[in-house]
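# here is a sequence with its predicted model. Questions after.
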Amino acid sequence: MTLSSPASPPTSPRPYHRLDISDPAFWGNDFRSRDESFAMLRGEPGLSWHRPIPAVFPHEEAGYWAATRHADVKFVSQHEELFCSSEGVSVDPMPAEIQRNMTFFLAMDPPEHTRYRKLISSGFTPRQVRRIEEQIKTNARRIVDDLLEQLHTGNQIDFVASCSGQLPMRTVSDMIGIDPADQQKVAYAAECLFSGSDDEYASLEERAVHVMTQLGVLAGSGVELAQRRRAEPHDDLMTELVNAEVDGHRLTDEELGSFMVLLGSAGNDTTKQTTTHAFKALIDHPEQRAWLLADFDNRIGGAVEEFVRWSTPVLAFARHAVVDTEVAGTEIKAGEKIALFYCSANRDEAVFDRPHEFDITRDSNPHLGFGGGGAHYCLGTHVARMQLRHLFYELLTRLPEVTLGEPEYLQSTFVHGIKRMPVSLA
């Protein structure tokens, strides 16, 4: 399978914008450089029209609209009657059925989406949430124990592998009941789904097959676990979910496999990336680190919101217009794709003072790091905030002064990722 657009591309209904944000080379630039282009788009009236991002799957897309302003991303997100998710949420062209297997109810619309969201939410009982938080606190402590031990050897280590990549996967594994022997396999598969455009994970020719293989690993793990929990209940989220019922509907094993894909990828990589970016920012800004430590319990809540805004781990999602409509004075035809660029919305000068500065003391921080609101607002926000709060407590109160090496960034149109970041004792 090779990188492709259609052999005979559909005729675009209008000229493409002069700024080519679909070029893979554009996504190889750093976040700040990319936002120079997004800032230009934010400054122009209406939405801009762009060529499809080159894809590994055959497609017939003619292009997409780019929503780059905070207000426009919120508007599209909050109007499910005008913009649907069931035609796909990936900005990259990809068959809708594959997206549904990868994203489960993210690629559904109400009322179907509402039913599945209720089913999943029903598993997060107060008892389960308390248990999850205790597991997060224990895991955070153990991860920093191990990190300190590695640092005191005097060697340079990788912060992503040794710390930020550890807690989310342990949390997902503990929540849902993944066997410890399977955790690394599941973590790698989840990482691959978010990182498919990076050559390190698969060559250009292998990407489609690689994505489908890792998708199968995750879904298969979920189906197998669901079947085991139906026969042998445990005190975990999967057991709650196999027994959950809403309006007479229960989740099938195949649906629970799709949920495993969503939880394993969205619940793992996003928090990992937020942790890595935020840790780097705090090391780069020791005065903010000191301010946070001076009253950690009362200040960490606001700090976490800036961690998420600053990192914006998910760069973009997409919607499709259900009917002919209008956004910011731009006429949108039914069926046309709109890319919601959270990475641009979270740097919108009209909303954020000094948007390119990391500042955990912000009084107002209406970031869109968990989505733009509406039916698809991130279901895992509470658990993500919990992980960040407890891990940074351990890191900031126990870690000595450290020095960071140059991060190695992920090449992706979907994830603002750091693959590796060297750390050593100062």
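Perfect, I can see it now.

# spatially nearest residue to Pro95, not counting backbone neighbours?
In space, and not counting its chain neighbours, Pro95 is closest to Phe57: 5.9 Å by CB to CB, 6 or more residues apart in numbering. Quick note: C-beta positions are derived from backbone N, CA and C, even for glycine.

# list phi and psi for the one you found.
Backbone torsions for Phe57, taken as degrees, to the nearest 10, come to phi -100, psi 140.

# state the number of residues packed around it.
When neighbours are counted by other CB atoms under 10 Å, Phe57 registers 15.

# swap in Glu254?
Glu254: 13 surrounding residues under other CB under 10 Å.

# doesn't Ile98 make contact with the residue nearest to Pro95?
Yes. Between Phe57 and Ile98 there is a contact under CB atoms under 8 Å: 7.4 Å.

# and the residue nearest to Pro95, how close does it get to His210?
Between Phe57 and His210 the distance is 13 Å, computed by CB to CB, to the nearest Å.

# what does Ala375 give?
From Ala375 across to His210, the span is 31 Å (CB to CB).

# now swap in Val383 and tell me
Distance, Val383 to His210, by CB to CB: 28 Å.

# counting neighbours around each, name which of the two comes out higher.
Set side by side, Val383 and His210 show more neighbours around Val383, with 21 against 18, by other CB under 10 Å.

# wait, a helix at the more buried one?
Yes. Under DSSP: H, G, I helix; E, B strand; the rest coil, Val383 falls within a helix.

# phi and psi next, for Val327.
Val327 adopts backbone torsions of phi -130, psi 120, taken as degrees, to the nearest 10.

# count of neighbours near it?
Neighbour tally, Val327, other CB under 10 Å: 22.

# do you know the pLDDT at it?
pLDDT recorded at Val327 is 98.

# try Cys192
pLDDT for Cys192: 73.

# what segments of the stretch 301-426 of the chain are strands?
Along the stretch 301-426 of the chain, counting by DSSP state E, counting those that start in this stretch, strands occupy 316-321, 325-327, 330-332, 337-341, 402-404, 408-409, 418-420, 422-425.

# the third one pairs with which strands?
Strand pairing for strand 330-332, using DSSP bridges, gives strand 325-327 (antiparallel).

# run through who's touching the strand it pairs with.
Strand 325-327 is contacted from outside by 46-47, 65, 67, 72, 75-76, 82-83, 331-332, 334, 338, using CB atoms under 8 Å, 6 or more residues apart in numbering.

# who wins for most neighbours among the residues you listed?
Per-residue neighbour counts (other CB under 10 Å) across the contacts of strand 325-327 peak at Ala67, which has 32 neighbours.

# contacting residues around that one?
Residues in contact with Ala67 (CB under 8 Å, 6+ apart) are 47, 73, 76, 327, 338-341, 345.

# identify each buried residue in the longest helix that the chain contains, please.
Criterion DSSP state H: the longest helix present in the chain is helix 253-284. By 16 or more other CB atoms under 10 Å, the buried positions in helix 253-284 come out as 253, 255-283.

# what's the neighbour count on Leu410?
Count around Leu410 with other CB under 10 Å applied: 22.

# I should have written Gln128 there, sorry.
If you count neighbours by other CB under 10 Å, Gln128 ends up with 16.

# enumerate every residue touching it.
By CB under 8 Å, 6+ apart, the residues touching Gln128 are 175, 237, 240.

# quick one: the last one from His234, how far?
Right, Glu240. For Glu240, the distance to His234 - CB to CB - is 10 Å.

# who's more crowded, those two?
Using other CB under 10 Å as the criterion, Glu240 and His234 rank with Glu240 on top: 21 against 13.

# now do the helices in the stretch 1-150 of the chain.
Along the stretch 1-150 of the chain, counting by DSSP state H, counting those that start in this stretch, helices occupy 31-43, 70-77, 96-103, 112-121, 126-151.

# out of the ones you listed, nearest to Arg170?
Closest to Arg170 of the helices of the stretch 1-150 of the chain is helix 126-151 (CB to CB; 4.6 Å).
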